[in-house]
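Visitor: need the 3D shape of this:
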Amino acid sequence: MWPWSALLVKFLLLACLSVAAGAAATILNGLLVYVRHHLAGSIRPRADYVTEKSLLLLVSSTLAALLLLTQTREVPWEWLGTLTPLVTIPLALLRQLLLKFLVLACLSVAAGASATILHGLLVYRRLAGSRPLLYDCVTQKSLLLAVSSTMAALLLLTQTREVPWEWLGTLTLLVAIAPALLTWLGPPNEHVENCQLCQIGKGSAYAHYFGYLRLMEGDHGIRKRLEKFKRENPAGFPEEELEKLYSKAIVVLAPKDGSYPEQWDRLRGVGKITATLKPFKKRVGGNERSYGEFKIHEVKSSDDKSKIKMHVALDKVGALETLEKLRHHGPAGLSAADCRQQMKELMEELEEIVSDNGHLTGQLKVVSYDADEHVGDAILNAITEG
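Guide: Got it, this is the predicted structure:
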């Protein structure tokens, strides 16, 4: 076999084994997520976590590597990072092998970070029409990783007697095929693998703001409409009852389990509907729709002696219901703990959004409560503190 042919076979052998290792890592990760979700109560089948593509790629690349091994006279253990027994290797040679290994590791990290940055720049270029922010496509972590790993590799190269050019050739191939390989493998269909990374809760908070709360400004502002309702009194409240109408803000109910009753007067301390704040019409996305219809409920304290009673406009966060339904939807793979965490993040982000927007500041009182809690007391405490 010609020398260049032997090098080519070694090169292809390492490429096949690298692909096999990547597929094996993908399968192992899927199995770990499968176990974690099933311990949390998920009923999704294992096939949703370990794809056929990963299995096929593992088998085919392993077979290809074995076939190539029959064509080479020696196994490139040094390329694979496997060392012969330490007793047979002089200390100086062992040090050089270790340095080569570390150089390749640093350059691999640098190449991966560079590929991520390049991909981000291509996405930024492709989405130029929508004017995205550059740091949304290219993260600071990628830049920092590329710089630090490159500097580490250069520092290590000053300590080695030779540059491992044959390793760098393999590295070039892997960097070239890695993005295509990862895209082809992809995540399991309809699989929410890591809710903290997906940030479902925070995304839902912004969806609630842009699709609903953002529209309540100017003449459609919450406080302005409540004060107008109280001034005009279209419901015909007696004078003593009209004084008990809370007109500074609406109260947004946020059950910690995400479950709203069909009739809100089933909540402890929340009475019947005493009036309705009529919605306003707004043209959004080419369609005219109605927004901001609030039901005004009678709210009572649990203390029978105090007999505190108010008329309060109540609202809900529909995204909480969606998260609760998502937890019971098998293909989503959302555990009870993940669901609670996302609900918490949703409400925290929503309160921050409200505080950052002047037309909403002080006009929404968020009341979170447990299923067995007296909601009337929680509402009265919220509006009293404000």
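Visitor: now the strands: where do they sit in the stretch 101-250 of the chain?
Guide: For the stretch 101-250 of the chain, the strands defined by DSSP state E, counting those that start in this stretch cover 250-255.
Visitor: got phi/psi on V50?
Guide: phi -120, psi 110 (degrees, to the nearest 10).
Visitor: give me the nearest residue to it, chain neighbours excluded.
Guide: Distance criterion CB to CB, 6 or more residues apart in numbering; nearest residue to V50, sequence neighbours excluded, is G30 at 4.3 Å. For every residue, glycine as well, the C-beta is placed using N, CA and C.
Visitor: separation between that neighbour and K10?
Guide: Using CB to CB, to the nearest Å, one obtains 31 Å as the distance from G30 to K10.
Visitor: now do D377
Guide: Taking CB to CB, one finds D377 at 75 Å from K10.
Visitor: which residue is the nearest non-sequential neighbour of T322?
Guide: Per CB to CB, 6+ apart, closest to T322 is S204, 7.0 Å.
Visitor: now do the contacts for the one you found.
Guide: The contact partners of S204, taken as CB atoms under 8 Å, 6 or more residues apart in numbering, are 319, 322-323, 342, 346.
Visitor: and what of S290?
Guide: 279-282.
Visitor: helix/strand/coil for it?
Guide: State at S290, reduced to three classes by DSSP: H, G, I helix; E, B strand; the rest coil: strand.
Visitor: quick check: K365 touching V251?
Guide: Yes - if you go by CB atoms under 8 Å, K365 and V251 touch, sitting 4.7 Å apart.
Visitor: who touches both of the two?
Guide: 379, 382-383.
Visitor: for the nearest residue to L57 once chain neighbours are set aside, give me phi and psi.
Guide: Using CB to CB, 6+ apart and skipping the chain neighbours, the partner closest in space to L57 is A23 (4.2 Å). For A23, the backbone dihedrals (degrees, to the nearest 10) come out as phi -70, psi -40.
Visitor: got a list of what A23 touches?
Guide: A23 neighbours (CB under 8 Å, 6+ apart): 54-55, 57-58, 61, 185.
Visitor: report the buried members of the contacts of S204.
Guide: 319, 322-323, 342, 346 (16 or more other CB atoms under 10 Å).
Visitor: tabulate those (a markdown table), appending secondary structure, distance to A152 and pLDDT.
Guide: Formatted as a markdown table, those follow (DSSP: H, G, I helix; E, B strand; the rest coil; distance: CB to CB, whole Å; pLDDT from 0 to 100):
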| residue | secondary structure | distance to A152 | pLDDT |
| --- | --- | --- | --- |
| A319 | helix | 44 | 87 |
| T322 | helix | 45 | 85 |
| L323 | helix | 43 | 84 |
| Q342 | helix | 37 | 85 |
| L346 | helix | 40 | 89 |
